[in-house]
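A.B. asks: Generate coordinates for the sequence data below:
(chains A, B, C and D)
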Number of protein chains: 4
Amino acid sequence: MCRFLCYKGRNLLLADLLYRPANSLIRQSYHALDRPEPLNGDGFGVGWYQRQITSTPCALTSTMPAWSNQNLRRLSYHVKSNCFFAHVRAASPGMRVSEMNCHPFQFGRFLWMHNGSISDFHRIKRRLRASLPDAIYESIQGTTDSEHAFAVFLNTLGDIERNCSATDMAKALIQTIEQLERWTAEAGPAAPSYYNFAVTDGESIAAVRYASDPKVEPASLYCSVFGRYVCDEGVAKLLECDVSERSVIISSEQLTPDTTHWHRVPPNNLVLVHPDLTIEGMELDVSRIGTRVHIPPISSAPRLAIKVDYTDHHEPAAVQDAVAATADRSIQDVD
Amino acid sequence: MCRFLCYKGRNLLLADLLYRPANSLIRQSYHALDRPEPLNGDGFGVGWYQRQITSTPCALTSTMPAWSNQNLRRLSYHVKSNCFFAHVRAASPGMRVSEMNCHPFQFGRFLWMHNGSISDFHRIKRRLRASLPDAIYESIQGTTDSEHAFAVFLNTLGDIERNCSATDMAKALIQTIEQLERWTAEAGPAAPSYYNFAVTDGESIAAVRYASDPKVEPASLYCSVFGRYVCDEGVAKLLECDVSERSVIISSEQLTPDTTHWHRVPPNNLVLVHPDLTIEGMELDVSRIGTRVHIPPISSAPRLAIKVDYTDHHEPAAVQDAVAATADRSIQDVD
Amino acid sequence: MCRFLCYKGRNLLLADLLYRPANSLIRQSYHALDRPEPLNGDGFGVGWYQRQITSTPCALTSTMPAWSNQNLRRLSYHVKSNCFFAHVRAASPGMRVSEMNCHPFQFGRFLWMHNGSISDFHRIKRRLRASLPDAIYESIQGTTDSEHAFAVFLNTLGDIERNCSATDMAKALIQTIEQLERWTAEAGPAAPSYYNFAVTDGESIAAVRYASDPKVEPASLYCSVFGRYVCDEGVAKLLECDVSERSVIISSEQLTPDTTHWHRVPPNNLVLVHPDLTIEGMELDVSRIGTRVHIPPISSAPRLAIKVDYTDHHEPAAVQDAVAATADRSIQDVD
Amino acid sequence: MCRFLCYKGRNLLLADLLYRPANSLIRQSYHALDRPEPLNGDGFGVGWYQRQITSTPCALTSTMPAWSNQNLRRLSYHVKSNCFFAHVRAASPGMRVSEMNCHPFQFGRFLWMHNGSISDFHRIKRRLRASLPDAIYESIQGTTDSEHAFAVFLNTLGDIERNCSATDMAKALIQTIEQLERWTAEAGPAAPSYYNFAVTDGESIAAVRYASDPKVEPASLYCSVFGRYVCDEGVAKLLECDVSERSVIISSEQLTPDTTHWHRVPPNNLVLVHPDLTIEGMELDVSRIGTRVHIPPISSAPRLAIKVDYTDHHEPAAVQDAVAATADRSIQDVD
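C.D. replies: Numbers count the residues shown, from 1 in each chain, chains lettered A, B, ... in the order given. Got it, this is the predicted structure:
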C-alpha cells in the first residue's frame, strides 16, 4: 500500500519530517503502524521545491529501501524546502520494483503520489492510455496504476503550463477518480479501489482519502494543522505562530503520538492547502462517483479547517508503545 | 540478525527451498517468525556448488531486498545444486548495506554465513586484522564482523587448499569462537555475542547455534534430517529414501509448520554434515569458551543424529496461522 | 547501439565467450571496435537454456556496466549451457537505463536481443501497442523500441506454445521488420532504422543484419561457423570435430583477430541456425521491405554456409593492435 | 584514473559545471579528452556546502555511471552552492566498484577526492592503518587507496574540529604525500604513484598535481581563474566582476576549448584557494619528497595567481573537434 507525506510551510529541513519524529516516514518504511503490513521497502522517493531556483520540483527516487539509504539520509539533513513530498513504497502484487515505478511522479511543476491501488488495473490500462494526448502518453516511464492515474489527472487539468488554483486541482483530482471509477465499472465487477492521492504544484496541495466502496475503509490519512512545526528530539510540536510561519503536514500516519495536533482525515474526504496556508476540507459523494459523471460542488464558503473525526483516533499510548517496542533501524552516520 | 539456510543432498532446484515452502527463506526476508523483528531486507546472497564445473562455489549477492529481486527469482528456478547456502540480511546498527557486506562470503572452496553479531566488534577489529596473514587480510572487502570472523576461521583452518574433513571444520569453527571470545573478554565487559555461523566446502557443512552468555538464548536454528526432501505446492515432505538420496537442511527457521521433520538445534550446539550425509551433533562447553583456551572433544563415537530438544518447538498451528495471515509478497513472473 | 552475442553448440562455460576471448563481449562493453562509439555501459543481460531443468531460459539483467559486475563474472565461470544470449547496452538517446530496458528480453521459451534503433519510434508506438493481444501487451515492462519489436514478433509468430522451426522464426522475424517498416513509412519520412535482431527458442536461432535504407550500413554482425569452439588463453580456436560437437557463434564483433573463423554477415542478410547446428543464410530484399507487404522466399535449397563478404573484413593486425593498446578493465576476482 | 572538479565562488547551479559546458564533467565520464582511456564509468559522487544550513557538506555517491543517472541530473538542476566537489570514477584494477569507494569522501567538514593511484598500495595498507587513531580508523568504509590517503591527511591535520587556514591544509596535504612516499619507499622499489588530490573544508581548497617520479607526467589539472563564471549554451565565459563575485574552478580537464580562461597547472604544483577567493600556487620539491621528511616552504609573499605553463596547452581547435565529433550521451529529461 505505501505511506506518504506532504509538507507546506516555512522552509524546513527534510530530516525534520523524514527522520526525526518518533514515527517518521523512514520509520514507517519498516514499521508502519496504521496498516496490517508494516513494510514499505520497495523503494522511495522525495520531491521538493526551491522556487528561488526554478518552479519545477526536484524529484529523486530509488529502488532501495528508505531505511538504509545513505544518500537519502544525507540529503535530508542538507536540503530545506517550503514544500515537499516523500513516499515509501510497498509494491502491489505484480508491480515491478524499479526507479520508474517509484513515487513521487513529476511532470512539469507537478508532483503526484498514491497510496492504494486501482482494482484490476490491467482491465482499464489500454483504454486509459488511449485517452491521453501524445505529450502525456510519452511521459509515462513505468508500469504502475499510480503513474497512469497521474496522467489522467494531467489530462483532466488541461493546459499544465497555466497557473491553477487549489480548487482547480481539487476538481481535476475528483474528476480523475470519477473517470477511473467509470472505466472500472464498465469493465465489470471488481474489488474496491483505493485512491489516496496527493498532488501539488508547489503552491497548493490537494490530497484525498478515498475508497470506491463505502463499506471498506480507505487507507489512513492524517493532517497536522495550525502552528509552526518544530521537531525537538523526536517530539513534534506545533508552536503558536503567525499565519506566515504556519506549517501543514498531510501524512499517511501520525508522526508523533500527540493527539492534539494530528487530525484524522475522515473517509472519502479531500483536503486542500491553499497558497496562503489556509486549509479546506470537503466530503466526496461516494454514492455518485463511479456510477455516473458527477463533480461534487466545491464549497464556495469561507475556507474552514478540516472537519475532524475525533472518534477515529489512535490511542496515543498505543502509538507510543509501538514506537518504543521496536528498535531504531535507521542508519547512523559520521556527521 | 538475519536468516540463513544450508542445503546438502541430491541435486535440488534452489527455488524448492528459497521460494516454494510456506515459510521459505524469501518469505523470511519480510516475515521472519522466530525473531522479534520480522524484517531481513538489507540485501541477500546465495552460493552454490556444481562440482562437475569447478570446486569453487558461485556466490552472488545483492543489496536489494530478496523478496522483490527478479534475478534471484529467475535464477532459483533455473539452477540445481547438491549443496547451497542462502542468506537474507538484517544489517546490525552501524553496518552499511553494500554488496561487500552481504553473505555468504566466499574464499576459495569455502562459503560462510553468520546470523548474529559480535558485541562491540570495533574494540577487537584492529587486533583481529593484525592477526591475519596478508592473503586473508587482502581478501576482506567489507566491514562486517561476520566477514572478519570468516577470516579468523580461514586462518585457523590453516592451508585452505588442503582437503579437510567435517571434523576439521568443526574444530576450526570452535576455535574461531574461542578466539573471538578471548579478544572480546580482553577488551573488557561486553554484552553477549551471537555466533550462529555456517560454513561449507561443498563436501561437509558445520553450523553452530551459540551465544556467549549461557543466560541468553541464541538465535533460532533448525535441522531437517532423514528422507528425501520434496516440496509439493508449498508443503515440504521428507520421503523415505536410500541414504544416497537423503537431504539435509539447516535453517534459521522451520520452512513448514510440520513438526515431524524439523528438529530445533539446542542452544550452544554444533551440527556437522559429513560428505556421506550422516549428521553429527555436539554440545559446546559454554562455561569454558571465552574464559580460557579450550577445544571441546570432538566425539569419536559412531555418528548420531542430532539431539533434539522437543520441548522447544513452535506449535505447528501457530506457524500455519502466521503464514496464512500475511500476504504473499514474493514477485510473480511471466514464466 | 549495443553489442550482442549468441551461442549454440555443445555445453560451454559462459566465461569462454563473455570473458576469455581477446575481444570478449565484456571487453566490448568498454572498448567496442566496430562502431564509432566504443562504450556499451548502460547495463547488460544474459540468458541461457538448460533443457534438462526447464524449457524456459534464465534471463538475468542489470543496469550496472558489465565490465565491473562481480555477479556476472562469477556466474559466467559457473554456468554452462548449450545455448545462450548475451548483450551489453548503449541506450539510445531518450531511452532510460533500467533493468526492464535491458536485453535479452524473455517471453516463454524465447529470448530476443536488438542492436540498433527504430527511427522516431514514438510515432509508431501507440499503433504498435494497439495491435497486440492482451497477454503480449501486458508482458511489456519497459519502454524500449526493442522490447516492443519483440512483442510484434511474438504476435506474428502466433501460438507461442507450439514448437516452431527455424524457418518459422525467420519468417516471423522478416514479417516483424516489414510491419515496423510499414508503420514507420505511414508515419511519414524518417531517418533509417537499424534492425539487427536475434531471437531463439533454445533450439534454433535467427539473427538478422539489416538497415531500412540500402544506402547506409547496418551495424556489424559476425558468424563463427564450423568446428568446435575452444578458448585457450584468450585465443579462440575452432577445432575439427563431429557435427554433434559443432559450435555456432553469432556476435556483433569478431571475438578474436583470427580471419579464418569469423565471417562477416553481409548487409541485409539473415542467418538461421537449425537445431542440428546447420546454418542457413538468406538475403533480404530491401527494396521491397517497407514499401509494401512482402515476404522474401525462404530458400528451400540445401542448407548452405552463409555467404561471406571477404572484402569487408577487419585487418586482423588492426584488431590485434587495438586490443593490445587498451588496458584490460575487467575485474579480477579472488577465485 | 578518474576526473574531478572543484568549484568555489558565488552560488552556482551544479548543472552549470556538471552538465552544461561543452566538455562538462558528465561528458568526461564517457569521453574524457586528457587521458588515454576516455571512460570514467565506475560510479560518481558530488558534495556541496550550504553554510546557512550546516557546516558539513552533503556528499552523495552512486556506483552507476554518471552519464545516465537521472537523480544526479535532476539534483544538479536544483541545487546551488558556493563550494562543491564532483568526481567521476575509473576504478583502478582490483578496486571494487561500490558506493563506499566513490569520491568525494567526507569526514566532518572535509571533502576529499583523488585522481591517480598509490603504487602497490597493498604493501603499505596495514602500516598506514596502524598509524591511525580509532576515530579515523573506524570511519573508513571502503577499500581504496584514496580513502586511506584521506585518513592520513585527517590524522596529519590534527584536531579536525578546529578551523584551519588554506595554508594549514596545504601543509597537511604535502605531509600526507611525503608520508605515503616514505612508506612506499620503505616497502621497496615501486612504479610511480599519482597523487592528484583535492581537499576542502568549504572555506579553502587545496589541490595538487603530483607524480612521485619527476620523469613521468602527472594526471592533467586545470584552473580557471578570475572573473565570474557563466555558462551560456555550453560556452563558458569568465566575465569581468568584483572580487566578491569571482569564481574559481579546478578540474582535471578544461571544460571549454577556450584557452584564455583555463590555465594548466604545471606538474608537481599545488593550488590554494583562500576564503577570499585569492589563489596561490606553489611548486613542490619532488627530489626531496619520498626520500626524506621535508615540508617545502609555503610562500609568505603576497598571494599571486598561479604560474601558468603556456607551452603545455591543448590546441583549442583540437578540443573543439573532439567534442564535436562525439555524440552527446547525457540523458534528456522532461523538465
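
A.B. asks: switch to C-alpha atoms for all contacts and neighbour counts from now on
C.D. replies: OK.

A.B. asks: Return the set of buried residues in stretch A:184-192.
C.D. replies: Using 16 or more other C-alpha atoms under 10 Å in any protein chain shown as the test for burial, stretch A:184-192 gives A:184, A:192.

A.B. asks: Using PDB, write out every CA atom in it.
C.D. replies: C-alpha atoms of stretch A:184-192 as PDB (Å, rounded to 0.1, in the frame of the first residue of the first chain):
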ATOM      1  CA  THR A 184     -13.500   0.300 -13.900                       C
ATOM      2  CA  ALA A 185     -17.300   0.000 -13.700                       C
ATOM      3  CA  GLU A 186     -17.600  -0.500 -17.400                       C
ATOM      4  CA  ALA A 187     -15.000  -3.300 -17.300                       C
ATOM      5  CA  GLY A 188     -17.300  -5.300 -15.000                       C
ATOM      6  CA  PRO A 189     -17.500  -6.000 -11.300                       C
ATOM      7  CA  ALA A 190     -14.200  -5.500  -9.300                       C
ATOM      8  CA  ALA A 191     -12.900  -5.400  -5.800                       C
ATOM      9  CA  PRO A 192     -12.800  -1.900  -4.200                       C
END
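
A.B. asks: gap between that stretch and the chain center?
C.D. replies: 24 Å (C-alpha atoms, centre = their mean, to the nearest Å).

A.B. asks: give me every residue that touches A:R89.
C.D. replies: Residues near A:R89 by C-alpha atoms under 8 Å, 6 or more residues apart in numbering or on different chains: A:1-3, A:29, A:40-44, A:102-103.

A.B. asks: For chain B, give me its nearest residue in the stretch 51-200 of chain A.
C.D. replies: A:G94 (5.6 Å; C-alpha to the nearest C-alpha).

A.B. asks: Can I take it that that residue is in a helix?
C.D. replies: No: counting by DSSP: H, G, I helix; E, B strand; the rest coil, A:G94 is not found in a helix; it is coil.

A.B. asks: ok, and the closest non-adjacent residue to A:T156?
C.D. replies: A:A172 (5.7 Å; C-alpha to C-alpha, 6 or more residues apart in numbering or on different chains).

A.B. asks: tell me which element that neighbour falls in.
C.D. replies: helix A:166-186 (DSSP states H and E).

A.B. asks: Please state the offset of the helix or strand immediately after that helix in the chain from the chain centre?
C.D. replies: Using DSSP H and E, the helix or strand that follows helix A:166-186 in sequence is strand A:194-200. From the chain centre to the centre of strand A:194-200 is a distance of 5 Å (C-alpha atoms, centre = their mean).

A.B. asks: Each with direction, which strands does the very next helix or strand once past strand A:194-200 pair with?
C.D. replies: Downstream of strand A:194-200, the first helix or strand assigned by DSSP H and E is strand A:205-209. Applying DSSP bridges, strand A:205-209 is found paired with strand A:194-200 (antiparallel), strand A:269-273 (antiparallel).

A.B. asks: looking at this, A:A149 is in a helix?
C.D. replies: Yes: under three-state DSSP, A:A149 falls within a helix.

A.B. asks: Nearest residue to it in space, please, no chain neighbours.
C.D. replies: With C-alpha to C-alpha, 6+ apart as the criterion, A:A149 has its nearest non-adjacent residue at 7.2 Å, and that residue is A:T176.

A.B. asks: Tell me how many other residues crowd the one you found.
C.D. replies: A:T176: 21 surrounding residues under other C-alpha atoms under 10 Å in any protein chain shown.

A.B. asks: Repeat that for the one 4 residues further on.
C.D. replies: Burial of A:L180, expressed as a neighbour count using other C-alpha under 10 Å, amounts to 23.

A.B. asks: From A:A211, how far out is it?
C.D. replies: Counting by C-alpha to C-alpha, to the nearest Å, the separation of A:L180 from A:A211 is 12 Å.

A.B. asks: Over to A:V265?
C.D. replies: Taken as C-alpha to C-alpha, the span from A:V265 to A:A211 is 13 Å.

A.B. asks: Which of those two has more residues huddled nearby?
C.D. replies: Neighbour totals were compared for A:V265 and A:A211, and A:V265 leads with 27 against 23 (other C-alpha under 10 Å).

A.B. asks: Run through chain A and note the low-pLDDT ranges.
C.D. replies: Residue ranges of chain A with pLDDT under 70: A:226, A:286-335.

A.B. asks: Write out the residues of it neighbouring chain D.
C.D. replies: Taking C-alpha under 8 Å from any C-alpha of the partner chain as the criterion, the neighbours of chain D within chain A are A:50, A:53-54, A:56-61, A:71, A:74-75, A:77-80, A:107-108, A:139, A:334-335.

A.B. asks: can you tell me which of those are up against chain C?
C.D. replies: Of the residues of chain A next to chain D, not one also sits near chain C (C-alpha under 8 Å from any C-alpha).

A.B. asks: Filter the residues you listed down to the buried ones, ChimeraX style.
C.D. replies: Buried subset of those, written as a ChimeraX selection, criterion 16+ other C-alpha under 10 Å:
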select /A:50,56,57,58,59,60,61,71,74,75,77,78,79,80,107
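
A.B. asks: Please tell me I have it right and A:S68 contacts B:V97.
C.D. replies: Yes: applying C-alpha atoms under 8 Å, one finds A:S68 in contact with B:V97, separated by 6.8 Å.

A.B. asks: hang on, the earlier thing: the strands paired with strand A:205-209 into TSV, with extra columns for distance to C:D168 and mean neighbour count?
C.D. replies: What follows is those, written out as TSV (distance: least, C-alpha to C-alpha, whole Å; neighbours: other C-alpha atoms under 10 Å in any protein chain shown):
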stretch	distance to C:D168	mean neighbour count
strand A:194-200	46	25
strand A:269-273	57	24
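
A.B. asks: could the ones you listed go into CSV alongside distance to A:S165?
C.D. replies: Listed next are these as CSV, based on distance: least, C-alpha to C-alpha, whole Å:
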stretch, distance to A:S165
strand A:194-200, 10
strand A:269-273, 10
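
A.B. asks: residue closest to the middle of chain A?
C.D. replies: A:A198 (3.9 Å; C-alpha atoms, centre = their mean).

A.B. asks: Now that residue: closest residue in space, sequence neighbours ignored.
C.D. replies: A:A198 sits nearest to A:A207 (C-alpha to C-alpha, 6+ apart), 4.1 Å away.

A.B. asks: doesn't A:N268 make contact with that neighbour?
C.D. replies: No: counting by C-alpha under 8 Å, A:A207 sits too far from A:N268 to count as a contact (10.6 Å).

A.B. asks: okay, those two: which has more neighbours?
C.D. replies: Taking neighbours as other C-alpha under 10 Å, A:A207 and A:N268 compare with A:A207 leading, 29 against 21.

A.B. asks: Tell me the residues of chain A that contact chain C?
C.D. replies: So far as C-alpha under 8 Å from any C-alpha goes, chain A lies against chain C at A:98-99, A:122, A:138, A:141-143.

A.B. asks: and which of the residues you listed is nearest D:N115?
C.D. replies: Distance ranking of the residues of chain A next to chain C against D:N115, using C-alpha to C-alpha, places A:E99 first at 30.6 Å.

A.B. asks: For A:Y222, give me its contacts.
C.D. replies: A:250-254, A:262-265.

A.B. asks: Neighbour-wise, give me the winner out of those.
C.D. replies: Busiest of these [other C-alpha under 10 Å] is A:Q254, holding 30 neighbours.

A.B. asks: Could you double-check that it lies in contact with A:P21?
C.D. replies: No: here A:Q254 does not reach A:P21: they are 9.6 Å apart, not a contact under C-alpha under 8 Å.
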